[in-house]
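Enquirer: Following is a predicted model, sequence given first.
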Amino acid sequence: MMRVFEFLFPRRPPTAAVAKERLQLVLAHERTGRDGPEFLQDLQKDLLRIVQTYVEASDDAIEVRLGRNGAASVLEINVELQRPVRARRAIPIF
Amino acid sequence: MGKVIVVTSGKGGVGKTTTAAAMATGLALRGHKTVVIDFDVGLRNLDLVMGCERRVVFDFINVINGDAKLNQALIRDKRIDKLYVFPTSQTRDKDALKREGVDRVMDELRAEFDYIVCDSPAGIEHGALSALYHADQAVIVTNPEISSVRDSDRIIGILASKSRRAERNEPPVAEHLLLTRYSPERVARGEMLSVDDVKEILSVRILGIIPESESVLRASNTGTPVILDPSSPAGRAYEDAVARFLGEQRELRFAKAERKRFFRALFGRAQ
C-alpha cells in the first residue's frame, strides 16, 4: 500500500537547503579573493602550506579575511581541521 | 540633480529589462520625470519591452558621437506623462560606449530628469561596467537560483569597487535586492531558495519580490510595462517595489504561498 502511495506521490528531498549551503561555501571563498588586498590570497597559500606540514588539512581548510573593528584592521585567520589533531612529530621545512 | 539607478544582475535572463521598464514607469506614474536608458549596446531590447521600437530614430551612440542631440534621441512615452525612453544602438562596435561621451550624456540627463534608470547588459564587461559606473542606487535583480545569486554577489562586489562613488570615496551605491520569478509554493516545498535565504547570503535589503507570473510574457508581447497591468500579480509587486524605493513602508506580498482553492489546484492557476 505504502509503495503504491509513493509511486503516485513521489517524495522528492528538499534541495533548497543544499543550494544555500553550497552558495555560502563558494561565496565565502570567492569574497576572500575579491574584497581583500591581493596579498591575502598569497598569505592564505603560504599559511596552508605551513599548516599542512604539521597537521592534516584539506586545501580549503584556511580562510583569511581582512576585516574592520572600529578604526583598526583585523586579520582573521580560521583553520578548520577535519579530524582531532594527534600529536605528530613535526618535520621542519625551513 | 537627478538620481541614477542601475538595474543590474550579472546573470542574463533574470528580468533586468522587465524591471527597468517597470521601475521607470512606476516612478513616472508617481510624478517623477524619469528616463530609462538601454546600456545593452548591440542587443537593443528595451524599446520592444517599452513598446516604442518603431519610433527609434537616433540612439545613445549617436548622442555620444555628437551625431544627434539628446532631445532628438529621447522618446516620449505615449501612455505616461514624464516618462522617456533612451534606446541604444545595434552597432557591433564594443567600444561604442566611450567613457567621456557617457559622462557627458549622464551629466545632461541628471540636469534634466529626477530619475535616470540604466538597464544594464548581462555580464561584467564594458557595457555592464558603464551602466553601473554612474549609479547612486542599484537594483540587483536576482532569481532564487544558485547561479543567479552567485553572479549577484559578484556584481555587488563590483559596485563597491568600480563605481564612480567608490572611485571618489563617496558614500557607497545604495543597494536594493529585487527577487524575481519567485514561487512561494516551491519555497514552501523546500525546492527553492527563500527570500530570507537570499537576503542572508547576499546581505542586501529586499526591495521586493516579484512572483513568477504569466503576465510578464503577456506584457512584453504587447510592449506594455507589466506595472501597467493592474490584474497582474507581478505588476502589483513592482508597484510595491517602487513605493518602497520611494521610502514607503509596504508589507511584502507574494512571499507566502496562498492556500489554493480546490478547483484552482485541480485545474491550474489562471494567472
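Expert: Arrived safely, thanks for sending.
Enquirer: any idea of the mean pLDDT for stretch B:77-88?
Expert: Average pLDDT, stretch B:77-88: 96.
Enquirer: same question but for stretch B:32-50, I mixed them up
Expert: 96.
Enquirer: Show me which residues of that stretch are buried.
Expert: B:32-41, B:44-47, B:49-50 (16 or more other CB atoms under 10 Å in any protein chain shown). For every residue, glycine as well, the C-beta is placed using N, CA and C.
Enquirer: Quick check: the two most widely separated of those residues?
Expert: Taking CB to CB, the two most distant members of the buried residues of stretch B:32-50 are B:His32 and B:Val41; they sit 26.2 Å apart.
Enquirer: What residue in chain B comes nearest to chain A?
Expert: Checking chain B residue by residue against chain A with CB to the nearest CB singles out B:Gly190 as nearest, at 2.5 Å.
Enquirer: residues touching that residue, list them.
Expert: A:Pro14, A:Thr15, A:Ala16, A:Ala17 (CB atoms under 8 Å, 6 or more residues apart in numbering or on different chains).
Enquirer: cutoff 6 Å now
Expert: A:Pro14, A:Ala16 (CB atoms under 6 Å, 6 or more residues apart in numbering or on different chains).
Enquirer: name the element it belongs to?
Expert: Using DSSP states H and E, B:Gly190 falls within no helix or strand.
Enquirer: Torsion angles phi and psi at it?
Expert: phi 80, psi 20 (degrees, to the nearest 10).
Enquirer: Next: the one 3 residues further on.
Expert: The phi and psi torsions at B:Leu193 (degrees, to the nearest 10) take the values phi -60, psi 140.
Enquirer: Might one say that it is in contact with A:Pro14?
Expert: No - the criterion here is CB atoms under 6 Å, and B:Leu193 misses it with A:Pro14 at 11.0 Å.
Enquirer: Name the residue in those two with the higher neighbour count.
Expert: Under the neighbour definition other CB atoms under 10 Å in any protein chain shown, B:Leu193 and A:Pro14 were set side by side, and B:Leu193 has more, 28 against 14.
Enquirer: if I pick the more buried one, what's in contact with it?
Expert: A:Ala16, A:Ala19, B:Pro144.
Enquirer: Pull the residues that contact the lengthiest helix in chain B.
Expert: Longest helix of chain B, by residue count under DSSP state H: helix B:146-162. With contacts defined as CB under 6 Å, 6+ apart, helix B:146-162 is touched by A:19, A:23, A:27, A:34, B:8, B:10-11, B:14, B:132, B:138, B:140, B:142, B:166, B:173, B:198, B:202.
Enquirer: now for the residues you listed, which pair is the farthest apart?
Expert: Going by CB to CB, the pair spanning these furthest: A:Ala19 and B:Ala166, at 30.1 Å.
Enquirer: got a pLDDT number for A:Ile77?
Expert: A:Ile77 is given a pLDDT of 87.
Enquirer: Neighbour-wise, which one of the contacts of helix B:146-162 leads?
Expert: Neighbour max across the contacts of helix B:146-162 (other CB under 10 Å) = B:Thr8, 31 neighbours.
Enquirer: what does chain A have sitting close to chain B?
Expert: Neighbours of chain B within chain A, by CB under 6 Å from any CB of the partner chain: A:Pro14, A:Ala16, A:Ala19, A:Lys20, A:Leu23, A:Leu27, A:Arg34.
Enquirer: contacting residues for the residue of chain A found nearest chain B?
Expert: Nearest residue of chain A to chain B (CB to the nearest CB) works out as A:Pro14 at 2.5 Å. Applying CB under 6 Å, 6+ apart, we find A:Pro14 in contact with B:Gly190.
Enquirer: From B:Phe254, how far out is it?
Expert: Note on A:Pro14: its distance to B:Phe254, by CB to CB, to the nearest Å, is 21 Å.
Enquirer: do A:Ala72 as well
Expert: In terms of CB to CB, A:Ala72 sits 44 Å off from B:Phe254.
Enquirer: between the two, which one's more packed in?
Expert: Ranked by neighbour count (other CB under 10 Å), A:Ala72 and B:Phe254 place B:Phe254 first, with 22 against 7.
Enquirer: Just to be sure, the more buried one is in a helix?
Expert: No - B:Phe254: not assigned to a helix; according to DSSP: H, G, I helix; E, B strand; the rest coil it is coil.
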